[in-house]
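Participant: next input, structure requested:
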Amino acid sequence: MIRRVLLALSSCALMAVASMSTAQSSEYRSMLHDFEITPVAEGLEVPWSMAWLPNGDMLITERPGRLRIVRNGTLLAASVEGTPEVLHEGQGGLFDVVPHPDYASNKFVYLSFAKPVGDGSTTAVVRGKLENDRISDLETIYQADSEGRNGHYGARMAFDAEGYLFISTGDRQAPPAGDLAAHQAQDLSNHAGTIVRLHDDGRVPSDNPFIGRRDALPEIYSYGHRNPQSLAVHPVTGDVWAGEHGPQGGDELNIVAPGVNFGWPVVGFGVNYGPGRPIHALQQQAGMEGPKHYWVPSIATSGLMIYSGDLFPNWKGDIFVGGLRGQLLARVDISDDGKSAVMDESLMVGIGRVRDVRQGPEGAIYVATENKGVLKLTPNN
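Facilitator: You can find the predicted model right below:
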């Protein structure tokens, strides 16, 4: 159930509470925890994603195409060798980095990026072995059939507990005009506006929802997405949560499910950029899944983490989402069954464009910002 009034009121009120901290201070207040932030890695150029290896090394992607390592608290000067060629134009570049669940034995890491294709580009994923600070044996395991302009790539990745790899692909900025039901995000014959599900080597699982349909690509798991740049698997329920950009208003949090149509651009809560003219005839429609939570106005969601650590016990089970336009970190309180949003709180308002949020091995919360680099949140006791 979407509690629109409660969520809107709580967002406004809590933004005021969060902004009590001055921009110069490293101490912040929130409803349930006071915390402080400390810099981890500075001088980065659009850090897009973060991940950790079993030895404690922290991996950071920079959108121009570099993979960096923070080792023993220090950002190494040299970037990792062997990363793929990327199209660094507009929103394009190097995106997500995810180690294989069994990285300790196979050394595989996965990178998503904007791959040049002819006069355009598409979302692609490669995997390779990361050893001795270089990547070798690079192989493409996914290349989206969704060529377009240099935007709305999606490109988030997440492994579930069974070892399946989920990859998001945006709608590639195809304009929502004319017959909305004919938009490519509603067309199962291409990957635009979808989340796909693969084996770790790129093979298609035999139980994917559209297996056997001639009008559908077998990799597709869900569709009707706009630009999902947030993806994470709930550590308790196993649900796959996705956050996606709305247009002018209407950012969404969804629980991804097999074969489900999430409605873009037929239904939604946003409007056209600039004049604010309506895009959708309806906000909900039979046969199309509504969001568990949405933001109006948009915060431009990017990165998603479901907290399971011990440093912030009152936040356990909550969802954290970065905000690009909102320049904040959003905390969404989830119901006890992990299935719906109860309320949201805006943290660190004005901190800058938050591109990613992750939980570190020790339970601290890390955020990648485009202007301050990577920051770490720890309790202020």
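
Participant: the residue nearest the centre of the chain bridge partners, please.
Facilitator: For the chain, the residue whose C-alpha lies nearest the mean C-alpha position (CA atoms, centre = their mean) is residue 230; its distance is 1.7 Å. Under DSSP bridges, the beta-bridge partners of residue 230 are residue 243.

Participant: if I look at it, how far off is residue 365?
Facilitator: Look at residue 230 and residue 365: by CB to CB, to the nearest Å, they are 15 Å apart. Bear in mind the C-beta positions are built from the backbone N, C-alpha and C, glycine included.

Participant: kindly report the same for residue 312.
Facilitator: Applying CB to CB, one obtains 7 Å for the distance of residue 312 from residue 365.

Participant: so these two - more neighbours on which side?
Facilitator: When residue 312 and residue 365 are compared for neighbours, residue 365 comes out ahead with 24 against 21, by other CB atoms under 10 Å.

Participant: what residues does the closest residue to that one other than its chain neighbours make contact with?
Facilitator: Spatially, and ignoring its direct neighbours in sequence, residue 365 is nearest to residue 377 (4.0 Å; CB to CB, 6 or more residues apart in numbering). By CB atoms under 8 Å, 6 or more residues apart in numbering, the residues touching residue 377 are 35, 36, 37, 364, 365, 366, 367.

Participant: closest one to residue 199 out of those residues, please.
Facilitator: residue 366 (29.0 Å; CB to CB).

Participant: tell me the secondary structure for that closest one?
Facilitator: Look at residue 366: counting by DSSP: H, G, I helix; E, B strand; the rest coil, its state is strand.

Participant: looking at it, it is touching residue 358, isn't it?
Facilitator: Yes - contact criterion CB atoms under 8 Å: residue 366 and residue 358 qualify, at 5.0 Å.

Participant: tell me how far residue 264 lies from residue 98.
Facilitator: Spatial separation of residue 264 from residue 98 under the definition CB to CB is 25 Å.

Participant: check residue 254 too.
Facilitator: For residue 254, the distance to residue 98 - CB to CB - is 20 Å.

Participant: residue 375 now?
Facilitator: 21 Å.

Participant: with residue 267 instead?
Facilitator: 31 Å.

Participant: and residue 325, what does it touch?
Facilitator: Going by CB under 8 Å, 6+ apart, residue 325 touches 298, 299, 300, 353.

Participant: can I get the residues you listed in JSON lines with distance to residue 192, neighbour count and pLDDT?
Facilitator: Converted to JSON lines, the contacts of residue 325 look like this (distance: CB to CB, whole Å; neighbours: other CB atoms under 10 Å; pLDDT from 0 to 100):
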{"residue": "298", "distance to residue 192": "20", "neighbour count": "20", "pLDDT": "95"}
{"residue": "299", "distance to residue 192": "23", "neighbour count": "25", "pLDDT": "97"}
{"residue": "300", "distance to residue 192": "20", "neighbour count": "19", "pLDDT": "97"}
{"residue": "353", "distance to residue 192": "25", "neighbour count": "19", "pLDDT": "98"}
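
Participant: pick out whichever of the residues you listed sits closest to residue 77.
Facilitator: Taking CB to CB as the measure, residue 77 lies nearest residue 353 of these, at 24.7 Å.

Participant: need phi/psi at residue 105.
Facilitator: Backbone torsions for residue 105, taken as degrees, to the nearest 10, come to phi -100, psi -30.

Participant: who's in contact with it?
Facilitator: Contacts of residue 105 by CB under 8 Å, 6+ apart: none found.

Participant: what do you get for residue 200?
Facilitator: By CB under 8 Å, 6+ apart, the contact set of residue 200 is 100, 108, 127, 159, 163, 164, 165.

Participant: the second one pairs with what?
Facilitator: Going back to what we said before, that points to residue 108. Going by DSSP bridges, residue 108 forms beta bridges with residue 129.

Participant: use 45 as the first number from now on
Facilitator: Okay, using 45 as the starting number, the last item reads as residue 152.

Participant: how close does it sit to residue 263?
Facilitator: Residue 152 is 19 Å from residue 263, where distance means CB to CB.

Participant: what's the answer for the last one, then?
Facilitator: Noted for residue 209: a distance of 10 Å to residue 263, by CB to CB.

Participant: what touches both of the two?
Facilitator: In contact with both residue 209 and residue 263: 241, 242, using CB under 8 Å, 6+ apart.

Participant: could I get the pLDDT score of the residue nearest to residue 288 when sequence neighbours are not counted?
Facilitator: Spatially, and ignoring its direct neighbours in sequence, residue 288 is nearest to residue 272 (4.0 Å; CB to CB, 6+ apart). On the pLDDT scale, residue 272 is placed at 98.

Participant: before we move on, what about residue 64?
Facilitator: pLDDT, read off for residue 64, is 38.

Participant: can you check the one 3 residues further on too?
Facilitator: In this model, residue 67 is scored at 38, pLDDT.

Participant: over to residue 71?
Facilitator: With respect to pLDDT, residue 71 has a value of 92.

Participant: how about the contacts made by it?
Facilitator: Per CB under 8 Å, 6+ apart, neighbours of residue 71: 65, 78, 79, 80, 424.

Participant: quick one on the thing from earlier: how close does the residue nearest to residue 409 sit to residue 287?
Facilitator: Counting by CB to CB, the gap from residue 421 to residue 287 is 19 Å.

Participant: show me what contacts the nearest residue to residue 161 once chain neighbours are set aside?
Facilitator: With sequence-adjacent residues excluded and distances taken as CB to CB, 6+ apart, residue 161 is closest to residue 191, at 5.6 Å. Contacts for residue 191 (CB under 8 Å, 6+ apart) come out as 161, 162, 164, 165, 166, 216.

Participant: tabulate the residues you listed in TSV, adding columns for distance to residue 131.
Facilitator: TSV is the format used below for those (distance: CB to CB, whole Å):
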residue	distance to residue 131
161	9
162	11
164	9
165	4
166	9
216	13
